[in-house]
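Undergrad: below is the sequence, then the predicted model.
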Amino acid sequence: MRWFAWVGVILAAVIVVSGLMAAIDNGRDHSGETVRASQWADDVCGTVGAWEGQLKNIREELRRNNWAARRSDGSTGDSAEQIVTVRGATTRAIRATQDTLQEGLKRAGIPDTGQGAAASAILRDWANDTELRLRVAKAVIKEKPTSVAESFASLMPPYAALARSLVAGRAAVAKVEALDSDLADALDRSGNCRRLKKRDA
């Protein structure tokens, strides 16, 4: 019975990996290329949606550590464990920003509108700023905490960095829409963008 269970686990893993590889293969790299505004909008919103999904999982982990810090008995081990977890979560947020957000926005290319290059640069600058914010937050939590209070305080910088980045992302999209009416229309018509707006509502 145990052997069959392991076979099922292996098969499930193969299916998941195959699905991920298929998704990667289907996503064409348009880095530096000019693409239709509708395609760019769909790719951009798909990228942001995937990145936000990753961040949601990371934020939930930080919230759980926030709760754990409040219930800590004050031992050194508790503080050390919380710091390791927060640092790891912040590292994963940086990696998600690099691999999903920055890479995805680059691969989306440049929309074929009058202000397409400027619009693409606005979103890529936002992604770069997001990585910088997270790196600054990570640097703050590198020191060993001397108390549970310090351990709890270390949770705030990465959480605040993520929150500010999400707000800045919305502002960047609004700036793109104000900059180019054709892109505003493409973003409004995109299925991925509509789903993203609906999820944020």
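TA: Sure thing, it's come through.

Undergrad: quick one: low-confidence ranges for the chain?
TA: For the chain, residues meeting the criterion pLDDT under 70 lie at 1-27, 61-84, 142-148, 150-152, 201.

Undergrad: ramachandran angles for the closest residue to residue 115 other than its chain neighbours?
TA: With Cβ to Cβ, 6 or more residues apart in numbering as the measure, residue 180 is the residue that lies nearest to residue 115, at 3.9 Å, once sequence neighbours are left out. For the C-beta atoms, the positions are set from N, CA and C on the backbone; glycine is no exception. In terms of degrees, to the nearest 10, the main-chain angles of residue 180 are phi -140, psi 110.

Undergrad: okay, now residue 180: neighbour count?
TA: 20 (other Cβ atoms under 10 Å).

Undergrad: dump the residue contacts of residue 192.
TA: 41-43, 45-46, 49 (Cβ atoms under 8 Å, 6 or more residues apart in numbering).

Undergrad: on that earlier part again, the residue nearest to residue 115 reaches residue 116, doesn't it?
TA: Yes. Contact criterion Cβ atoms under 8 Å: residue 180 and residue 116 qualify, at 7.1 Å.

Undergrad: pretty sure residue 28 sits in a helix.
TA: No. According to DSSP: H, G, I helix; E, B strand; the rest coil, residue 28 belongs to no helix; its state is coil.

Undergrad: what are the neighbouring residues in contact with it?
TA: Counting by Cβ under 8 Å, 6+ apart, residue 28 has contacts residue 107.

Undergrad: from residue 90, how far off is it?
TA: Residue 28 is 31 Å from residue 90, where distance means Cβ to Cβ, to the nearest Å.

Undergrad: kindly report the same for residue 131.
TA: 11 Å.

Undergrad: look at the two and report which has more neighbours.
TA: Taking other Cβ under 10 Å, residue 131 and residue 90 do not tie; residue 90 has more neighbours (25 against 19).

Undergrad: so who does the more buried one touch?
TA: Residue 90 sits next to 134, 137-138, 141, 158 when contact means Cβ under 8 Å, 6+ apart.

Undergrad: can you do 6 Å?
TA: Listed by Cβ atoms under 6 Å, 6 or more residues apart in numbering, the contact partners of residue 90 are 137-138, 158.

Undergrad: now, which of these sits nearest residue 193?
TA: Among the contacts of residue 90, residue 158 lies closest to residue 193 (Cβ to Cβ), at 27.5 Å.

Undergrad: pretty sure the closest one sits against residue 139.
TA: No. Using Cβ atoms under 6 Å, residue 158 is not in contact with residue 139, being 10.6 Å away.
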